[in-house]
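Colleague: next one to model:
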Amino acid sequence: MIDGDLKRRGLVLLGCGKMGSAMLAGWLDRGLPPASVWVIDPHPSDWVQAQGLHLNTELPADPAIVLIAVKPQMMGDALPAMQDLGNGDALLVSVAAGTPIAKFAEVLGADTPIIRAMPNTPAAVGQGITALIGNARATETHMALAEALLQAVGQTVRLDSEAQMDAVTGLSGSGPAYVFHMIEAMAAAGEAQGLAPDLAMQLAKATVAGAGALAMAADEDPAQLRVNVTSPNGTTQAGLEVLMDEAKGLKPLMDKTVAAATRRSEELARG
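Modeller: Residues are numbered from 1 along each chain as shown. Predicted structure coming up:
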């Protein structure tokens, strides 16, 4: 996973919050030496400081990868510091939401190989999924290198065009928060039916986690899995009749939810 060129030339990580730290932990576990990593972060965690890497020091002249993981509102201050690394051999990979490839090319130069990626927060436990798209300067070798790095924290998929990134953001980028809220709602509903709060939350968490694991492992699609566990005139059918109501059920609500997040991603990209 970690090739010799990356170890020799180094990796620059701009921003090392929760997402950056999750990725860094995955890379270190897979054999990237701390001495090959440069981190720029104004408020590094105790964990980052304890890794023995280069922290807030002068950057290497020709790193293999510059990975940008700052929050969108910090991008304007962060990018100019990277200008000297543009139009060269360094591959720029951004996991920052809302910043299009054209913005990076404008600051760093049109000859810079750039890959835009959208991971999600389950990366923190190695269960993320990241969508990637590169510019014309990003070669197949660049794409494979970015995939290898990002697969340290989960799955990767390639997009056909950057225009798909807003929908990816609305679905998988923001999606974990939707699921967390569903767990909250399920637990609250269990409480309303007489369960103790701690028990209701334990049942809700385990049910969502288990169903997700089953959906990933099964050969059948989720629709078939739903049919498999729904006995005619049984308890599951009674619940699904409410949840699958065409006008007020989960599908129209989820349509509105993902559309709203997608629109906000589009707004961020326009600045």
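
Colleague: find the helix or strand that the nearest residue to G88 once chain neighbours are set aside is a member of.
Modeller: Nearest non-adjacent residue to G88, counting by C-beta to C-beta, 6 or more residues apart in numbering: D62, 6.6 Å away. Where C-beta positions appear, they are placed from N, C-alpha and C, glycine not excepted. Counting by DSSP states H and E, there is no helix or strand that carries D62.

Colleague: tell me the SS of L13?
Modeller: When classified by DSSP: H, G, I helix; E, B strand; the rest coil, L13 comes out as strand.

Colleague: my read is that it contacts A69, right?
Modeller: Yes: using C-beta atoms under 8 Å, L13 makes contact with A69 at a distance of 6.5 Å.

Colleague: what do these two both touch?
Modeller: G20, M23 (C-beta atoms under 8 Å, 6 or more residues apart in numbering).

Colleague: just say helix, strand or coil for V70.
Modeller: coil.

Colleague: could we number from 36 for the rest of this?
Modeller: Got it, the first residue is 36 from now on, which makes the last one we talked about V105.

Colleague: I figured it was touching M117, is that so?
Modeller: No: in this structure V105 lies outside contact range of M117 using C-beta under 8 Å: 10.6 Å.

Colleague: out of the two, which sits in the busier spot?
Modeller: Shown here are V105 and M117; by other C-beta atoms under 10 Å, V105 has more neighbours (24 against 20).

Colleague: for the more buried one, give its distance to P232.
Modeller: From V105 over to P232 the distance is 37 Å, taken as C-beta to C-beta, to the nearest Å.

Colleague: give me the most central residue, the protein.
Modeller: With distances taken as C-alpha atoms, centre = their mean, P154 lies nearest the centre of the chain, 1.5 Å away.

Colleague: hang on, A70 packs against L90?
Modeller: No: under the criterion of C-beta under 8 Å, A70 is not in contact with L90, lying 11.9 Å apart.

Colleague: now the helix or strand of the chain with the lowest mean pLDDT: how far from the chain's centre is it?
Modeller: Among the helical and strand segments of the chain, the one scoring lowest on mean pLDDT, DSSP states H and E is helix 110-113, with a mean of 73. With C-alpha atoms, centre = their mean, to the nearest Å as the basis, helix 110-113 stands 20 Å off its chain's centre.

Colleague: and the contacts of stretch 181-194?
Modeller: 36-37, 57-58, 61-62, 64-65, 100, 102, 126, 128, 150, 152, 154, 157-159, 161-169, 178, 200, 203.

Colleague: at 7 Å instead, please
Modeller: Residues outside stretch 181-194 that contact it (C-beta atoms under 7 Å, 6 or more residues apart in numbering) are 36, 57-58, 61-62, 65, 128, 150, 152, 154, 157-158, 161-168, 200, 203.

Colleague: among those, which ones are in strands?
Modeller: V128, I150, A152, G163, I164, T165, A166, L167, I168 (DSSP state E).

Colleague: give me every residue that touches the nearest residue to C51 once chain neighbours are set aside.
Modeller: Take C51 and drop its neighbours on the chain: the residue closest to it by C-beta to C-beta, 6+ apart is D76, 4.3 Å away. Taking C-beta under 7 Å, 6+ apart, we find D76 in contact with G50, C51, V83.

Colleague: how much space between D76 and G61?
Modeller: Distance, D76 to G61, using C-beta to C-beta: 17 Å.

Colleague: next one: A258
Modeller: Counting by C-beta to C-beta, the gap from A258 to G61 is 33 Å.

Colleague: what does G144 give?
Modeller: 29 Å.

Colleague: which one of the two is surrounded by more residues?
Modeller: Under the criterion of other C-beta under 10 Å, the comparison of G144 against G61 puts G61 first, with 21 against 15.

Colleague: would you double-check that T147 falls in a helix?
Modeller: No: counting by three-state DSSP, T147 is not part of a helix but coil.
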